[in-house]
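Chemist: From the sequence below, what's the structure:
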Amino acid sequence: MTFAELHHQDTPLLIANVWDATSAIAAQQAGYQALGTSSAAIAAMLGYEDGEAMSFEELLYIVTRIGSVSDLPLSVDIEAGFGSNAQEIVEHLKRLAQTGVVGINLEDSKVVNGVRQLDDALAFSRQLNEIRTRLNAEDRRLFLNIRTDTYLLNHEHALQETLLRGRLYKAAGADGLFIPCLTSEQEIEMIVKALNLPLNVMCMPDLPTFGRLKKAGVSRISMGNVVHSAIQLKLKNVLQLIQSQQSFAEVFVDESA
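Modeler: The predicted model follows:
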């Protein structure tokens, strides 16, 4: 089954969001069908803030290491593309494809002076169309999962703006639509029916159960950086206990349980 076909199964594709070779190995051993990188998790691992603070070369190196230890389909979160125009972004996508990457997430917002802002919908769709056209010209069959941050940024008319952007992005060549912070089952159903495009939602405290997401028409479920954050919290707690207890006993708690 191809990566694109995984978005048309009877149940949503639960994608394991990883950040290094170790997490990729763990995800494969756990039986996941596909991997996706988390830009926020990779940035945090390297000591950066999210929002393209790291370089593309650093991202590419991490992606290469992930691909070297897993044969699962790999999609890469490339944020806003690490480029100022479609040609630069396509060059990055081609380099990722050469490593075996089968899909990417590309978002319609950028962090400017520490503040995330939505791109103009028409300008972004024109850029997306050029990216798709350039990829098609070289027969690069990357799955373009386009992230819109209408809900993430609390747009005043989030549903209407999402539908507008979704239609534009679909016409421009998007293979899927990723909407972080979308949790309303009613609005999920409306978006799925209106756009007829594989819908990707992300882990949130009030996200419906996977069964209800399936019923609402969701095609893909992402973890974002939540698993990485949970592991980092556990690490912090263990290190604090070692320091406070002056003992390594806490390190072996799980093993002796």
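
Chemist: Residue 176: what's it in contact with?
Modeler: If a contact means Cβ atoms under 8 Å, 6 or more residues apart in numbering, then residue 176 has 7, 143-146, 197-200, 219-220 as its contacts. C-beta: built from backbone N, CA, C; applies to glycine.

Chemist: try 10 Å
Modeler: Contact analysis of residue 176 by Cβ atoms under 10 Å, 6 or more residues apart in numbering lists 4, 7, 13, 75, 103, 105, 143-147, 169-170, 197-200, 219-220.

Chemist: any idea how far it is from residue 147?
Modeler: Separation of residue 176 from residue 147 (Cβ to Cβ, to the nearest Å) stands at 9 Å.

Chemist: overlap in contacts of those two?
Modeler: By Cβ under 10 Å, 6+ apart, the residues touching both residue 176 and residue 147 are 105, 169, 200.

Chemist: Ignoring the adjacent residues along the chain, who's closest to residue 109?
Modeler: Nearest non-adjacent residue to residue 109, counting by Cβ to Cβ, 6 or more residues apart in numbering: residue 149, 4.2 Å away.

Chemist: just checking, the one you found touches residue 119?
Modeler: Yes. If you go by Cβ atoms under 10 Å, residue 149 and residue 119 touch, sitting 9.1 Å apart.

Chemist: ok, then the element right after whatever helix or strand residue 59 lives in?
Modeler: Using DSSP states H and E, residue 59 maps to helix 56-69. Downstream of helix 56-69, the first helix or strand assigned by DSSP H and E is strand 74-77.

Chemist: Can you give the strand pairings for that following strand, parallel or anti for each?
Modeler: strand 35-37 (parallel), strand 103-107 (parallel) (DSSP bridges).

Chemist: In contact with residue 190, which residues?
Modeler: With Cβ under 10 Å, 6+ apart, residue 190 has these contacts: 159, 162-163, 184, 216-217.

Chemist: Quick check: residue 179 touching residue 155?
Modeler: No. Under the criterion of Cβ under 10 Å, residue 179 is not in contact with residue 155, lying 11.1 Å apart.

Chemist: With neighbour numbers in mind, choose between those two.
Modeler: The residue with more neighbours, out of residue 179 and residue 155, is residue 179; 24 against 16, by other Cβ atoms under 10 Å.

Chemist: So the more buried one versus residue 218, what's the distance?
Modeler: Distance check for residue 179 against residue 218: by Cβ to Cβ, it reads 10 Å.

Chemist: Where do the helices of the stretch 101-250 of the chain begin and end?
Modeler: Here the stretch 101-250 of the chain has its helices, by DSSP state H, counting those that start in this stretch, at 121-137, 158-172, 185-195, 210-216, 226-245.

Chemist: buried sites along the third one?
Modeler: So that's helix 185-195. Under the neighbour-count criterion of 16 or more other Cβ atoms under 10 Å, helix 185-195 has 185, 187-188, 190-192, 195 buried.

Chemist: could you redo the residues you listed as JSON lines and give each row pLDDT?
Modeler: Formatted as JSON lines, the buried residues of helix 185-195 follow (pLDDT from 0 to 100):
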{"residue": "185", "pLDDT": "97"}
{"residue": "187", "pLDDT": "98"}
{"residue": "188", "pLDDT": "98"}
{"residue": "190", "pLDDT": "98"}
{"residue": "191", "pLDDT": "98"}
{"residue": "192", "pLDDT": "98"}
{"residue": "195", "pLDDT": "97"}
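
Chemist: buried sites along the helix holding residue 59?
Modeler: By neighbour count on 16+ other Cβ under 10 Å, the buried set for helix 56-69 is 56, 59-60, 62-64, 66-67.
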